[in-house]
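Engineer: structure for the following, please:
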Amino acid sequence: MSDIQIPSLEASAAPAKAVRPLAEAVKPDAAGYIWGTGRRKTSVARVRIRPGTGKFLVKGKEHTVYFTEVGNQASCVSPLKATEMTGKVDVFVNVSGGGITGQAEAITLGLARALKGYLPELETALRAGGFMTRDDRKVERKKYGQAGARRRFQFSKR
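Structural biologist: All right, here's what the predicted structure looks like:
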């Protein structure tokens, strides 16, 4: 019975959990911009950010002018609010394809990716808010012999 060893408390302490290293900050391009690309449905948004006063332009217009619905306006700036970067960076967006809501959500993803490249420490807050996940749902195609993607023509028994 003397061969049994009881481990001490220090030895049983679990080693510290390895934390995933943060990505390195992306170097700005020649004009001083950090880029991020966002997609949603058929919309593609190319987002550029740089340190500034909080300007937010979508295709040369203020985002409040480009997006008339309050929900789309809030969706665009939500990554900035979640990371408390409102008023600290200027945002310039080129967006194409799809509809207004798809464009707003594409801008959200592109802005989150650009902020992560600008300051990698913001990634945890962006992930917690759900801004770093691409929503890959798209419209299902219409099938031949049917009225739509799932809708059938009316069945006639006789």
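
Engineer: CA atoms for contacts and neighbours, from now on please.
Structural biologist: Will do.

Engineer: need the longest helix for the chain.
Structural biologist: The residue-count maximum for a helix in the chain (DSSP state H) belongs to helix 100-118.

Engineer: what is that helix packed up against?
Structural biologist: strand 34-40, strand 43-51, helix 70-82, strand 89-96 (3 or more C-alpha pairs under 8 Å, 6 or more residues apart in numbering; DSSP states H and E).

Engineer: got the buried residues for the longest one?
Structural biologist: Within helix 70-82, the residues that qualify as buried by neighbour count (16 or more other C-alpha atoms under 10 Å) are 72-80, 82.

Engineer: now it - C-alpha only, CSV.
Structural biologist: Extracted in CSV, the C-alpha atoms of helix 70-82 (Å, rounded to 0.1, in the frame of the first residue of the first chain):
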residue,chain,number,x,y,z
VAL,A,70,-34.1,53.1,-40.0
GLY,A,71,-33.5,49.4,-39.6
ASN,A,72,-31.0,49.4,-42.5
GLN,A,73,-29.3,52.5,-41.2
ALA,A,74,-28.9,50.9,-37.8
SER,A,75,-27.7,47.6,-39.4
CYS,A,76,-24.8,49.4,-41.2
VAL,A,77,-23.4,51.2,-38.1
SER,A,78,-24.0,48.3,-35.6
PRO,A,79,-20.4,47.0,-35.8
LEU,A,80,-19.1,50.5,-35.0
LYS,A,81,-21.5,50.8,-32.0
ALA,A,82,-20.6,47.3,-30.7
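
Engineer: show me what that helix is in contact with.
Structural biologist: Residues outside helix 70-82 that contact it (C-alpha atoms under 8 Å, 6 or more residues apart in numbering) are 63-64, 67, 86, 100-101, 104-105, 107-108, 111-112, 125-126, 129, 131.

Engineer: what sits closest to the residue nearest the centre of the chain if chain neighbours are left out?
Structural biologist: Taking C-alpha atoms, centre = their mean, the centroid of the chain lies closest to residue 109, which sits 2.4 Å from it. Nearest non-adjacent residue to residue 109, counting by C-alpha to C-alpha, 6 or more residues apart in numbering: residue 38, 4.7 Å away.
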